[in-house]
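Novice: Make a model of this:
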Amino acid sequence: MEPDLVLRSTRVITPDGQRAASVAVSAAEGRILAVLPYDTGSHPRGVRTEDFGDDVLLPGLVDTHVHVNDPGRTDWEGFATATRAAAAGGVTTLVDMPLNSVPPTTSVEALEIKRDVARPVAHIDIGFWGGAIPGNTADLRPLHDAGVLGFKCFLLHSGVDEFPHLDPAGLKAALREIAGFGGLLIVHAEDPRLIDGAPPPSGPRYADFLASRPRAAENRAIEGLIDLARELDARVHILHLSSAESLPRIAAARREGVRITVETCPHFLTLTAEEVPDGATEFKCCPPIREAANQDALWRGMADGTIDCVVSDHSPCTADLKTDDFGQAWGGISSLQLGLPAVWTEARRRGHTVEDVVRWMSTAPAALVGLRQKGAIEAGRDADFAVLAPEETFTVDPAALHHRNQVTAYAGKTLHGVVRSTWLRGHKIADHGAPTGPAGRLLTGRLLERQPRA
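Specialist: Coordinates of the predicted model:
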C-alpha cells in the first residue's frame with residue numbers, strides 16, 4: 001500500500017526513542033505504514049507532506065478515565081463537547097466512565113443507549129467501561145461480550161444514587177465473575193468505614209475537606225484489593241491514586257505476581273493542598289489533592305514504574321454545583337483539554353522527558369485496556385498523533401476551553417507545551433486548539449470495543 005500522507009519532524013517519539021523521522025501514513029486506511037528516515041526519498045512524488053520542524057510528533061493520548069455524563073447529565077458534559085476538548089488537548093482516544101450518565105452503563109441495553117448518543121457526535125475514538133453495582137452480576141459477562149473494556153466499581157457512595165457501591169461480599173462476587181472471563185475491574189479505592197469515621201467536611205476551609213478523606217482510607221482499601229486480587233488471581237486496577245503511602249505495598253504485590261495496576265492524575269502531580277485557597281471548590285475531588293511531600297512521593301512512583309499511567313479523571317459539572325462549601329460542592333476536576341501541558345510542565349521541571357510523558361499518557365493506558373492499535377508511532381498502528389511545541393508556554397484561559405462548563409483548577413496558570421495539532425487516523429482534527437476536519441467538516445470518531453487478548 002502506498003502512503004497518501006507523510007508527517008515529518010526532527011523529534012518523533014517512537015517505541016525506540018526520539019529521533020528525526022518521516023512517518024508514512026495511509027489516511028484512506030487510517031494506519032501508519034512505516035517510520036522512515038527523516039530525509040527519505042522512498043515515498044512517491046506528489047504525496048502530501050507536513051513538516052513540523054522541531055515540534056514533537058507523538059502518538060495521540062489515550063485517556064481511560066473520562067466522565068462524559070451523556071445522556072442524562074449532558075448539561076454537565078456531553079460527547080460533542082468532551083471529544084472536541086480532548087482533540088484540542090492532543091487526546092485521540094478516551095474511555096467513558098459508566099456513571100453520571102442516566103442510565104449508567106450497567107447493562108447491555110444501557111450501553112447501546114450510550115453508543116447511540118455518542119456515535120453521531122464523537123470527534124475522537126471512544127471506548128466504554130461497564131459498571132459493577134449491587135444486583136448486576138448477571139449483566140457483567142453480557143457487557144464484556146458486547147465490547148466494554150472493563151468494569152468500574154466503588155467501595156463507598158459514588159456521589160450519584162444511580163450507581164451504588166459494592167459491599168465486601170458484592171465486591172468479591174463481582175470480581176470472581178469478572179476473573180472468570182478474564183476481565184478487568186477498576187476500583188475507586190477508599191474505605192467507607194474510615195471515611196465515615198473522619199470529621200465530615202463542611203464550609204470553605206480546604207484543610208477541613210482534606211481531613212475528611214484521610215490517606216488511611218485509600219491505604220486500607222488498596223490493601224484489601226491486593227488481598228482479593230491475589231486470592232482470586234484477578235486483574236484489578238486502582239483508579240486515581242492520591243495517597244503515595246500505598247506505593248510500597250503495590251510494588252511488593254507485583255513482585256509476588258499479583259495482577260494489580262495503578263493510575264494517578266494530572267491534578268495530583270501538579271497541584272498541592274498548600275496552594276488551594278479556601279472556598280476554591282474547583283480544586284475539590286475525591287480522593288483529594290494532598291500535600292507537596294505526598295506529591296513528591298507520587299513522582300518517585302512514576303519514575304520507578306510503580307504507577308503505570310496518568311489519566312485525567314475529567315469529572316465536570318455545571319458551575320452552580322461548585323459552591324464555596326467543600327462539603328456541598330460537586331467533587332471533580334475538569335482537565336481533559338489540559339492534561340498534556342499540565343503533566344509536561346511538572347515533568348520537565350523534575351527532569352523527565354517527553355518520552356516519559358508519552359509512556360504514561362498514551363502507551364500505558366492503551367495497553368491497560370488492550371487497544372493494541374493505539375499508543376505508539378509504529379507500522380500497523382492507527383495514525384493518531386499530537387504535535388507538541390514543548391518549549392512554548394501559554395496561560396490557561398477558561399474561555400478557551402471546549403468543555404461544556406469552563407470551570408478549571410488550572411485557570412491563570414502558565415503551562416509549558418502548546419498542542420499545535422491533533423490527528424486521528426491520518427486526518428487533522430484540531431489545529432491550534434480549534435476543532436477541524438477534512439474539507440472543513442468535523443471528523444466522526446469510532447466507537448471502540450474490547451479486542452481479544454493476544
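
Novice: just the helices in the stretch 301-450 of the chain please.
Specialist: Remark: helices assigned in the stretch 301-450 of the chain by DSSP state H, counting those that start in this stretch are 339-349, 354-358, 364-368.

Novice: Show me what the first one is packed up against.
Specialist: With contacts defined as 3 or more Cβ pairs under 8 Å, 6 or more residues apart in numbering; DSSP states H and E, the secondary structure elements packing on helix 339-349 are strand 61-66, helix 266-270, helix 354-358, strand 385-395, strand 414-424. C-beta: built from backbone N, CA, C; applies to glycine.

Novice: Select, out of these, the one closest to residue 201.
Specialist: Nearest to residue 201 among these is helix 266-270 (17.7 Å), distances taken as Cβ to Cβ.

Novice: now what about the closest one, what contacts it?
Specialist: The contact list for helix 266-270, computed with Cβ atoms under 8 Å, 6 or more residues apart in numbering, reads 240-242, 283, 285, 289-290, 295, 298-299, 302, 310, 312-313, 333, 335, 338-339, 342-343, 345-346, 409.

Novice: Likewise for stretch 353-367?
Specialist: Contacts for stretch 353-367 (Cβ under 8 Å, 6+ apart): 11, 13, 15, 17-18, 56, 58-64, 93, 263, 302, 307-311, 339-340, 343-344, 347, 372, 374-376, 388, 390.

Novice: can we see that at 6 Å?
Specialist: Under the criterion Cβ atoms under 6 Å, 6 or more residues apart in numbering, residues 13, 18, 56, 58-59, 61-62, 64, 308-311, 343-344, 347, 374-376, 390 lie in contact with stretch 353-367.

Novice: filter these to the buried ones?
Specialist: 13, 18, 56, 58-59, 61-62, 64, 308-311, 343-344, 347, 374-376, 390 (16 or more other Cβ atoms under 10 Å).

Novice: now the strands for the stretch 51-200 of the chain?
Specialist: Under the criterion DSSP state E, counting those that start in this stretch, the stretch 51-200 of the chain contains strands at 56-59, 61-66, 91-96, 125-128, 130-131, 151-154, 184-188.

Novice: who does the first one pair up with?
Specialist: With DSSP bridges as the test, strand 56-59 is paired with strand 5-14 (parallel), strand 385-395 (antiparallel).

Novice: Show me which positions of the last one end up buried.
Specialist: Within strand 385-395, the residues that qualify as buried by neighbour count (16+ other Cβ under 10 Å) are 385-390, 394.

Novice: Next, the angle from the biggest helix by length in the chain to strand 184-188.
Specialist: In the chain, with assignment by DSSP state H, the single longest helix is helix 215-232. Helix 215-232 and strand 184-188 are oriented at 160 degrees to each other (axes from the mean of the first three to the mean of the last three Cα atoms, to 10 degrees).

Novice: Against which helices or strands is the following helix or strand past helix 215-232 packed?
Specialist: Proceeding N to C from helix 215-232, the next assigned helix or strand is strand 235-238, under DSSP states H and E. Counting by 3 or more Cβ pairs under 6 Å, 6 or more residues apart in numbering; DSSP states H and E, the packing neighbours recorded for strand 235-238 are strand 184-188, helix 215-232, strand 260-264.

Novice: who touches strand 235-238?
Specialist: By Cβ under 6 Å, 6+ apart, the list of residues contacting strand 235-238 reads 184-186, 189, 222, 225, 229, 259-262.

Novice: one more time with 8 Å, if that's ok
Specialist: 150, 175, 178-179, 182-187, 189, 222, 225-226, 228-229, 246, 250, 259-263, 368.

Novice: starting at the chain centroid, how far to that strand?
Specialist: Mean-position distance between strand 235-238 and its chain equals 15 Å (Cα atoms, centre = their mean, to the nearest Å).

Novice: partners of that strand, with directions?
Specialist: strand 184-188 (parallel), strand 260-264 (parallel).

Novice: relative to strand 91-96, how tilted is the first one?
Specialist: Put plainly, it is strand 184-188. Using the same axes, to 10 degrees: strand 184-188 against strand 91-96 is 80 degrees.

Novice: Same question for strand 184-188: list its buried residues.
Specialist: In strand 184-188, counting by 16+ other Cβ under 10 Å, buried: 184-188.

Novice: Show me which of those is closest to residue 113.
Specialist: Using Cβ to Cβ, these come closest to residue 113 at residue 186, 21.4 Å.

Novice: dump the residue contacts of the closest one.
Specialist: Contact analysis of residue 186 by Cβ under 8 Å, 6+ apart lists 129, 150-153, 236-239.

Novice: Any regions of the stretch 151-300 of the chain where pLDDT drops low?
Specialist: Residues of the stretch 151-300 of the chain meeting the criterion pLDDT under 70: none.

Novice: Low-confidence stretches in the stretch 1-150 of the chain?
Specialist: Across the stretch 1-150 of the chain, the ranges flagged by pLDDT under 70 are 41-45.

Novice: Please enumerate the helices of it.
Specialist: Under DSSP H, counting those that start in this stretch, the stretch 1-150 of the chain gives helices at 79-88, 108-118, 137-145.

Novice: Buried deepest among these, which one?
Specialist: Across the helices of the stretch 1-150 of the chain, averaging neighbours per residue (mean count of other Cβ atoms under 10 Å) puts helix 79-88 on top, at a mean of 28.

Novice: next one: it to chain centre, how far?
Specialist: Chain-centre distance of helix 79-88: 13 Å, with Cα atoms, centre = their mean.

Novice: got it, and stretch 62-76?
Specialist: Per Cα atoms, centre = their mean, the centroid offset for stretch 62-76 relative to its chain is 12 Å.

Novice: And for stretch 272-288?
Specialist: With Cα atoms, centre = their mean as the basis, stretch 272-288 stands 20 Å off its chain's centre.

Novice: again, but for stretch 198-211
Specialist: On Cα atoms, centre = their mean, the centre of stretch 198-211 falls 27 Å from the chain's centre.

Novice: Repeat that for stretch 123-132.
Specialist: 11 Å.

Novice: now stretch 299-310
Specialist: On Cα atoms, centre = their mean, the centre of stretch 299-310 falls 15 Å from that of its chain.

Novice: Name the residues of that stretch that are buried.
Specialist: For stretch 299-310, burial by neighbour count (16+ other Cβ under 10 Å) applies to 299, 301-302, 306-310.

Novice: now the end-to-end length of that stretch.
Specialist: 11 Å (Cα to Cα, to the nearest Å).

Novice: And the contacts of it?
Specialist: Under Cβ under 8 Å, 6+ apart, the answer for stretch 299-310 is 64, 241, 244, 247, 250-251, 254, 261-266, 269, 298, 339, 343, 346, 350, 352, 356-357, 360-361, 364-365, 368.
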